[in-house]
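Chemist: Here you go, sequence then predicted model.
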Amino acid sequence: MRRNEERILEYLSDLMSENERLSFENELANSDELIREFAAIKKRLEELNLPISIESDERYFAGILPRIKERLDKKKNFITWKSVYVLTPTAAAVIILSLFFFNSKTEFDDQYKELANVVVNNFSDQEVSDKFFSELESNPADIIYSTGSEESSIQIPSDLELNSDSYNRLIDNPVSEDYRTLLGLSENELEIIYERVNSTTSQKVLK
Amino acid sequence: MKHNVETVPDNDYELINRYLDGEEVAFNDIVKKYQKKIYWHARQMLGNHLDADEVTQEVLIVLYKKLKSFNFQSSLYTWIYKIVSTRSLNHIRKKKIKKFFSIDDPDNVFELEVKHDIVEDLVNREKLAQVKKSLDKIPPKQREIFIMRNYEQLTYEEIAERTGKSIGGLKANYFYALKKVLELSNEKK
């Protein structure tokens, strides 16, 4: 059974399904131990609450507008020179970077697709989250966040060979966004996962 | 005693149209209406007055320049909020890089922050510092969700509208933020 702390946080984050939530609330109404743990966690989270009203120096807010206007005036004078000095090197940098990314895209996509196939077809979200992201700087939720597309518009490329279970999992469960998670990773991060996926897959097959 | 109460028109649509018609004073009204919200969101994200002040000014300058292209597809505040949010996250990134190469004495930086703080009440200032210390350890994007849920009391739907992120992603982020806060509180004990 999962630790209560994890379940309480899932409940507070509204991550539970309707059935899970009802069952948790039912348990909460009948278990003194769970009530105690729930109250303790709430209390610890409330330690970060801010005072209801914070009095601040109103002179600061009264002075913002004049400062903004002053900065805007300065910028107007600066902008002509800036365009001459900045535009030329910027244009050159954009051209060089475009060429670089254009050339490396295919290789990157192939590596990514292969990896995505392995991960989404072999592992649950929890496994992906627990095992493959522990060594990364950011956690999966962070990466999901940065990809930023709408839930309903999740796009799965035609050449990604998903089995039906994995497909349903990706579409139905709002937490199952490992596909998009992978999309946001850097090449170094992908390499770490790729190695771990390979070793875990071998272990599973051997079992 | 007579109070000089400045009233700011409530209707954003009217304010923007007046600004688009060339009425400069309408921009002043928009600033007066939203500057505190902008500042406090930045302050919670960045944790100190100096950084919050910098971002607040940046946001208002962006607002001045881009208001002409505002297309009324969201509320004005939602649009402003997105700018504050992006600028705050960028500021955190920039500061991280600066910190890496910096030889500044952290104690001096702290003293400077305290000296310039606009919060005069010592108890509140200490509370803010304590919250900053904990929130600094949460990744910025999770911190943002934590602030919006806990301090601004926003629903996931409202946060999704302001940030353009999926509700599933927001829930996952909030979960990890709470988890991190608990871990930190365990470490303290």
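Modeler: Yes, it's here. Numbering: from 1, shown residues only, chains lettered A, B, ... in the order given.
Chemist: residue contacts, B:M148?
Modeler: B:154, B:158-159, B:162 (CB atoms under 8 Å, 6 or more residues apart in numbering or on different chains). All C-beta spots, glycine's among them, are computed from the backbone N, C-alpha and C.
Chemist: The closest residue to B:E161 other than its chain neighbours: which element?
Modeler: Among residues not flanking B:E161 along the chain, B:T78 sits closest, at 5.9 Å (CB to CB, 6 or more residues apart in numbering or on different chains). Take DSSP states H and E as the rule and B:T78 turns out to sit in helix B:76-101.
Chemist: Measure how far that helix is from the centre of its chain, please.
Modeler: Relative to its parent chain, helix B:76-101 has a centroid offset of 9 Å by CA atoms, centre = their mean, to the nearest Å.
Chemist: for it, packing partners?
Modeler: helix B:12-20, helix B:24-46, helix B:49-66, helix B:140-150, helix B:156-163 (3 or more CB pairs under 8 Å, 6 or more residues apart in numbering or on different chains; DSSP states H and E).
Chemist: quick one: buried residues of it?
Modeler: Neighbour-count burial for helix B:76-101, counted by 16 or more other CB atoms under 10 Å in any protein chain shown, picks out B:76, B:79-81, B:83-85, B:87-89, B:91-92.
Chemist: closest to chain A among the residues you listed?
Modeler: Chain A lies nearest to B:L89 out of those, by CB to the nearest CB, at 9.9 Å.
Chemist: coming back round to it: would you list the buried entries among the contacts of B:M148?
Modeler: With burial judged by 16+ other CB under 10 Å, the buried subset of the contacts of B:M148 is B:154, B:159, B:162.
Chemist: List the residues that contact the second one.
Modeler: With contacts defined as CB under 8 Å, 6+ apart, the neighbours of B:I159 are B:145, B:148-149, B:165, B:170.
Chemist: which of those lies closest to chain A?
Modeler: Using CB to the nearest CB, the shortest approach to chain A within the contacts of B:I159 belongs to B:K165, at 5.7 Å.
Chemist: avg pLDDT for the helix or strand hosting A:I64?
Modeler: Taking DSSP H and E as the definition, A:I64 sits inside helix A:58-122. Average pLDDT, helix A:58-122: 62.
Chemist: How about stretch A:36-44?
Modeler: 91.
Chemist: What distance do you get for B:M148 to B:G22?
Modeler: Separation of B:M148 from B:G22 (CB to CB, to the nearest Å): 35 Å.
Chemist: Just the terminal-to-terminal distance for stretch B:152-160.
Modeler: 14 Å (CA to CA, to the nearest Å).
Chemist: And for stretch B:132-146?
Modeler: 12 Å.
Chemist: I'd like the distance from that stretch to the chain centre, please.
Modeler: 12 Å.
Chemist: Could I get the buried residue list for that stretch?
Modeler: Residues of stretch B:132-146 classed as buried by neighbour count (16+ other CB under 10 Å): B:134-135, B:138-146.
Chemist: got CSV for those, with distance to chain A and pLDDT too?
Modeler: Listed next are these as CSV, based on distance: CB to the nearest CB, whole Å; pLDDT from 0 to 100:
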residue, distance to chain A, pLDDT
B:S134, 6, 83
B:L135, 7, 85
B:I138, 10, 86
B:P139, 5, 87
B:P140, 9, 87
B:K141, 5, 85
B:Q142, 7, 88
B:R143, 11, 89
B:E144, 9, 90
B:I145, 8, 91
B:F146, 8, 90
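Chemist: Those residues: which two are farthest apart?
Modeler: Using CB to CB, the two most remote members of the buried residues of stretch B:132-146 are B:S134 and B:K141, lying 16.2 Å apart.
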